[in-house]
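Asker: Generate a structure from the sequence data that follows.
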Amino acid sequence: MDIFSDSTNEVIRDKISVHLSGGLGNQMFQYMAGYALSKKTDKKLLLNQNWFSNPWLLHKNHAAYLSKRKMDSLQFSTVSDTPRDRFPTPRDGRFERGIAKLTERKLRSLGIASEESFTFGEWSNPNSIHRLMGYFMSPKYFLDSNPTDVFKHLVVPLSSWSSDFLPNLNNHRSIGVHIRLGDYIFLGDKVIPQEDYFLSGIDFLKAEMGLNTKVFFFTDEPLKVKQLFPKLLKLGEVVSPPSHTTSAENLILLSKCAGFVCSNSTFSWWAATLSNAPAEWIVRPSYFFTDMPDIDTQIDLWHPQSYKIHPILGERVE
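Answerer: Purely as a prediction, here's the structure:
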């Protein structure tokens, strides 16, 4: 079968299939793009999760990725209830390799849309789109849809541990500090903010929110944080959910804070967004990738009023 045949789109002519990939934060962005577009075009939304059963796609990544590349977005009720796209892509990765070689014009002729299909705040010919394939890492793709409505409920309620810990966040005007290490340490392509970044962010938020504001550290590597950031941990409490808690549950827990010092991670961004925190109470790194220092590749992601700090020097960036 020709994997680029128009016949593949006949099955979903009146539907939009969003192809999910990556970690939880990426999946949430992709889902929101599909959700918003399906509402705009009045088409039924389908969920394509073939990426997660494709050995070529999964195993070509560093082993550090594998523990973070699961269908974690299914932990949200809205995502879990979305019908599945049953069209199987070949497991050798040729569909994805072929898609990457096509021009935007050819993709559009096949009903496939990427980020390039969205210009000047709208989709190009949205009614002709049958598949969304990309990262869509920006709130501009949400159109008029509210993510707090979409990711409101979990399939499984909060664990007893999380329910017991929640009052610690709700009873204080709290600062959530997200420190992502894990795969970032091994992969080395994304900058890991240094201690001065986090210290500066906490100082800024305490000046805004009050010196008695409680600080909570959320991290995927509690032991490494204690080794790498000894000064930092004197300022607050490390949140260490037990292993049986889910990633979506931990995201919801972080979102209950009032202010945020974010890593260059979509997990941080989503927690801050779901919290409805004011932009002025969100601190974020001024750049994302190690090979592009001082280039703000994610300017489209953050609110312009969020507080930018250089991730290495710990100095404010205008």
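Asker: By neighbour count, which bits of stretch 283-295 are buried? Give me those.
Answerer: By neighbour count with 16 or more other Cβ atoms under 10 Å, stretch 283-295 contains the buried residues Val283, Arg284, Pro285, Ser286, Tyr287, Phe288. Where C-beta positions appear, they are placed from N, C-alpha and C, glycine not excepted.
Asker: any idea how far the residue lying closest to Gly188 once chain neighbours are set aside is from Ile185?
Answerer: Distances taken as Cβ to Cβ, 6 or more residues apart in numbering place Thr290 nearest to Gly188, at 6.4 Å, with adjacent residues excluded. Look at Thr290 and Ile185: by Cβ to Cβ, to the nearest Å, they are 12 Å apart.
Asker: so what sits against both of those two?
Answerer: Counting by Cβ atoms under 8 Å, 6 or more residues apart in numbering, Thr290 and Ile185 have no shared contacts at all.
Asker: Spell out the residue ranges of the helices in the stretch 51-200 of the chain.
Answerer: For the stretch 51-200 of the chain, applying DSSP state H, counting those that start in this stretch gives helices covering 55-59, 63-66, 77-80, 94-101, 104-109, 147-150, 160-170, 182-187, 195-209.
Asker: what do you get for the stretch 201-318 of the chain?
Answerer: All helices of the stretch 201-318 of the chain, identified by DSSP H, counting those that start in this stretch, fall at 222-228, 247-255, 266-275.
Asker: Below-threshold pLDDT in this structure: ranges please.
Answerer: Low-confidence segments of the chain, defined by pLDDT under 70: 1-12, 55-68.
Asker: Break it down into its domains, please.
Answerer: 7-150, 160-309 (automatic domain parsing).
Asker: With distance to Glu315 as added columns, please give those in JSON lines.
Answerer: Formatted as JSON lines, the domains of the chain follow (distance: least, Cβ to Cβ, whole Å):
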{"stretch": "domain 7-150", "distance to Glu315": "26"}
{"stretch": "domain 160-309", "distance to Glu315": "7"}
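Asker: hmm, back to that, wait, which of the buried residues of stretch 283-295 is closest to Thr213?
Answerer: Val283 (13.1 Å; Cβ to Cβ).
Asker: Bridged to that closest one, which residues?
Answerer: Counting by DSSP bridges, Val283 forms beta bridges with Val261, Tyr307.
Asker: picking up where we left off before, I'd like to know which of the domains of the chain lies nearest to Val317.
Answerer: Nearest of these (Cβ to Cβ): domain 160-309, 4.0 Å.
Asker: End to end on the closest one, go ahead and measure it.
Answerer: Terminal residues of domain 160-309 lie 36 Å apart, using Cα to Cα, to the nearest Å.
Asker: Also stretch 298-312?
Answerer: Start-to-end, stretch 298-312 (Cα to Cα) is 17 Å.
Asker: What are the buried residues along that stretch?
Answerer: Gln298, Leu301, Trp302, Ser306, Tyr307, Lys308, Ile309, His310, Pro311, Ile312.
Asker: In strands only, show me these.
Answerer: Tyr307, Lys308, Ile309 (DSSP state E).
Asker: Which member of the residues you listed is positioned nearest Tyr197?
Answerer: When those are compared against Tyr197 (criterion: Cβ to Cβ), the nearest one is Ile309, at 5.4 Å.
Asker: how about the closest one, what does it touch?
Answerer: Pro193, Tyr197, Ser200, Gly201, Phe204, Val283, Arg284, Pro285, Ser286, Glu315, Arg316, Val317.
Asker: again with Leu313
Answerer: Asp196.
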